[in-house]
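In: Next one to model:
(2 chains)
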Amino acid sequence: MKTITFNQKKTSAIALEFDELRPDDIYTWEKADFDNYGVPIGNSRFPLTDYFDIEIEGEAESPDDVKMILNGDMGRVKYIGCKMSGGEIICNGDADIHVGAEMTGGKIFVNGNVETFAGREMAGGYLEISGNTKEFCGASYMGEWRGMTGGEILVRGNAGKQCGECLSGGKITVLGNCDILAGIHMAKGLIEIHGDVNRWPGGQMKNGNIVVHGKLGRLLEGFVLDEVVTNPEIDGKSFEGKFIKYTGDIGLNGKGSLYLDAIANRDKLGEYGEHDDEYTSIREYRNL
Amino acid sequence: MAYEAPITDYDHIVENCTCAFCGCNCDDLDYLVKDGHVVAVRHACRLGASKIMEDLDQRLLVPMVRDDDGELKEVDWDTALDKAAEYIANSIRPIFYGWSETSIECMKEGVALGEYIGAVLDNQATICHGPSLLAVQNAGYPVQTLGEVQSRADMCVFSGSNPMNSHPRHLARYSVFCRGYFRTRGRFDRTVVTMDPKFTDTAKVSDLWVGFEQNGDYGFYNAIRAVLKGKELYQDVISGIPREDIYELAEAMKNAEFGTLFFGLGLTHTLSKQRSIDIAIKMIIDLNKFTKWGLTPMRGHFNVNGFNIFMAFESGFPLGVDYCRGYPRFLSGETNTIDLLTRGECDVFMVVAADPGAHYPNGAVQHLAKIPVIQVDIHWGPSTEIADVVLPGSFIGVECGGTSYRMDGVPIYMKKAIDKPETCRDDEWIIRELKERVMKLREEPNVAPKYVPNPAAL
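Out: Below you'll find the predicted structure:
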């Protein structure tokens, strides 16, 4: 195992771009390579060693043998672990945008908050964020229809708008709250939100599953109440408790499933029971 | 309103000029010229006429450079251009912003300079119709020309837009009151619907006002899409609109012969941003299964659409194009001007025919006050107060010719009507001069190729 430690010496107002410092690129690098490397900052390159002290221990024969440790405030370091296929990155501080974007393997742990587009178009591997992340976590690039296609993202804090936009595979777990339009345009995969959701999860979703354990602010009209299920098994994972299951988005003839915790969202049932006798059983749940 | 006597004291009339105010680009204006100045404008709306008739009190006439005491001092053109070129040549993260009130010919020089130096090129769409452009990338662009609307449309929907105030001639010339080939009775042949939380002036002249609640547009369009798919609505009220009204509206939209949706910032800047436009486009696509429908964004500045079309042609991206790595990149939230300014990343800012000092958020303007700002413009404004170099340009469509793109993407050549002040220069000339001076100072772009640890192994 080769451990490469980046100890921050100073920060930059203009963001550094780390897209050329993946485990895939640097597993063969020696100290001299880091000394000679110019990191892109704006339209120029500056010596990496102006910003970081680099410590290298051990040897690596492949990217999988690399462990990158980033110590300091990486709030102005973009593309950490972007397109990586193996190895491990531990970021001890906040990170800028595109963390783990398009990664196909390996693991990234961020011990802090992350800016937008964390895990964008991720195809494999594991990304864990101990704090909050902003908009477009696990989403697609602007104009692209396929977001994350594989791998797993765990956000221990809150996630911003459009988390899991165009999700086409993989799993996103948010232990905190989520802003609007989580899972918009999603086609496959699973989004599990333990906290509350602002409004409109699953807008124009074609397929896939969204599970909300907290309270949902507002549901889109494109979701039709399906049934109340107990201890459902979704994407091979068992969920304990009662859930209201919706199917949508019917505006798109979508077949996605949205599961809302029945107790936290019992007010939603009141909007339906009056219209159709087939939901008799649902009326019982209104008094949960 | 007091009666204003027609202007009769003029030397000659320049006919068929193009208005340089809003995205309508009305090209039927007549300028009444006396002593080399436009003294009156025929056919224009009040907004366009007031802009075209010169206001020399605020006109920038001489190049200026801010001295060590913080005062703007008048200098000659060489001094000002050299100073501006020095700022740009030494910059690491320059932004060239604006471009929406200048010509395509000037943009061409700007893109060449930006590509050479590795700058971010952005325009006012970043604070207006940027979400529309993002949605168009995703969902397509079922656009029609304003001429088609004039001739064919029997149902006009204005969503989040108030053209009675922002584009005063739009209704009269293109969409509502005008007579068209198939709409010979004008307004009587058209159904006008306004979708807006406010009862706007446009709503007052409409047949139907759909006053959905604020930020309710996504849910509202979602419900219309569901109805168009033949689904039943379960909620009694959706986004503040009773479901019976949604059924009725969807039926009316399906039964139109030719429908058109004009949308403005009321739709682009609600909670769901580009996804509001995305779903509106999808709704138009759904409607086209029944009848002919199209949509057009109500663009503000007369050439804001031109920059987006031109940049998409040049780089593949419509706005916020970042050349810092030697090739174009774009991502909303990363390479847009306001994001870069509020993050404090920009180190030199050139504003061409725009006024970010007046329109930008406080945090962005605060950063602008800290960094060198180069202004190329014709009028004194808040941006001049924070500018370090001021380069007076000329008025496209009045003092010099140039190409612009109307809101529906139709290119229009704007002809020259009068001579510009002797001390001013064309925008195109200014940017070309800057480019040549920057190229002398910085002989090649500073972007190095990707680092290879052991070249011998290749």
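
In: quick one, phi psi at the residue of the stretch 151-300 of chain B found nearest chain A?
Out: Nearest residue of the stretch 151-300 of chain B to chain A: B:R225, at 3.4 Å (C-beta to the nearest C-beta). In this view, the C-beta of every residue, glycine as well, is placed from N, C-alpha and C. As for B:R225, its main-chain torsions (degrees, to the nearest 10) stand at phi -60, psi -40.

In: can you count the residues close to residue 115?
Out: Looking at chain A here, since you left the chain open. 24 (other C-beta atoms under 10 Å in any protein chain shown).

In: nope, chain B please
Out: 18.

In: rewinding a little: and the residue nearest to the residue of the stretch 151-300 of chain B closest to chain A when sequence neighbours are not counted, helix, strand or coil?
Out: Residue nearest to B:R225 in three dimensions, not counting chain neighbours: A:G251, with 3.4 Å by C-beta to C-beta, 6 or more residues apart in numbering or on different chains. Classification of A:G251 using DSSP: H, G, I helix; E, B strand; the rest coil returns helix.

In: ok, now which ones touch A:G251?
Out: For A:G251, the contact set (C-beta atoms under 8 Å, 6 or more residues apart in numbering or on different chains) comprises A:Q204, A:E221, A:G222, B:N222, B:A223, B:R225, B:A226, B:L228, B:K229, B:K231, B:I279, B:K282.

In: Which among these count as buried?
Out: Taking 16 or more other C-beta atoms under 10 Å in any protein chain shown as the criterion, what is buried in the contacts of A:G251 is A:Q204, A:E221, A:G222, B:N222, B:A223, B:R225, B:A226, B:L228, B:K231, B:I279, B:K282.

In: Among those residues, which one lies nearest to B:D339?
Out: Nearest to B:D339 among the buried ones among the contacts of A:G251: B:I279, at 24.5 Å, using C-beta to C-beta.

In: Does the closest one touch B:Y221 like I think?
Out: Yes. In this structure, B:I279 is within contact of B:Y221 by C-beta atoms under 8 Å, at 4.5 Å.

In: Which parts of the stretch 1-150 of chain A are helices?
Out: A:23-26, A:31-36 (DSSP state H, counting those that start in this stretch).

In: swap that for the stretch 101-250 of chain B, sorry
Out: With DSSP H, counting those that start in this stretch as the criterion, the stretch 101-250 of chain B has helices at B:104-117, B:130-139, B:146-152, B:163-166, B:168-170, B:201-204, B:217-228, B:243-255.

In: what about the fifth one, average pLDDT?
Out: So that's helix B:168-170. Averaged across helix B:168-170, pLDDT comes to 95.

In: Which of the helices of the stretch 1-150 of chain A sits closest to chain B?
Out: Comparison of these against chain B by C-beta to the nearest C-beta identifies helix A:31-36 as nearest, at 4.4 Å.

In: For the stretch 151-288 of chain A, what lies in contact range of chain B?
Out: Counting by C-beta under 8 Å from any C-beta of the partner chain, the residues of the stretch 151-288 of chain A lying close to chain B are A:162, A:180-181, A:184, A:199-200, A:203-204, A:218, A:220-222, A:224-225, A:249-253, A:271-272, A:275.

In: Quick one, which of the residues you listed are buried?
Out: Applying 16+ other C-beta under 10 Å to these, the neighbour count classes A:162, A:180-181, A:184, A:199-200, A:203-204, A:218, A:220-222, A:225, A:249-252, A:272 as buried.

In: Direction included, what does whichever strand or helix holds A:L190 pair up with?
Out: Element membership for A:L190, per DSSP states H and E: strand A:188-193. Using DSSP bridges, the strands paired with strand A:188-193 are strand A:168-174 (parallel), strand A:209-212 (parallel).

In: immediately after the last one, which helix or strand?
Out: Sequence-wise, the next helix or strand downstream of strand A:209-212 (DSSP H and E) is strand A:224-230.

In: Please state the offset of the next helix or strand after that following strand from the chain centre?
Out: Downstream of strand A:224-230, the first helix or strand assigned by DSSP H and E is strand A:233-234. Chain-centre distance of strand A:233-234: 20 Å, with C-alpha atoms, centre = their mean, to the nearest Å.

In: Report the rounded mean pLDDT for strand A:233-234.
Out: For strand A:233-234, mean pLDDT is 92.

In: in its sheet, what does it sit against?
Out: Strand A:233-234 sits in its sheet next to strand A:237-238 (antiparallel), going by DSSP bridges.

In: any idea how far the following helix or strand past the strand it pairs with is from the chain center?
Out: Downstream of strand A:237-238, the next assigned helix or strand under DSSP H and E is strand A:242-248. Offset of strand A:242-248 from its chain centre (C-alpha atoms, centre = their mean): 23 Å.

In: Which neighbours in the sheet does strand A:242-248 have, and how are they oriented?
Out: Applying DSSP bridges to the sheet, strand A:242-248 is found paired with strand A:224-230 (antiparallel), strand A:256-261 (antiparallel).
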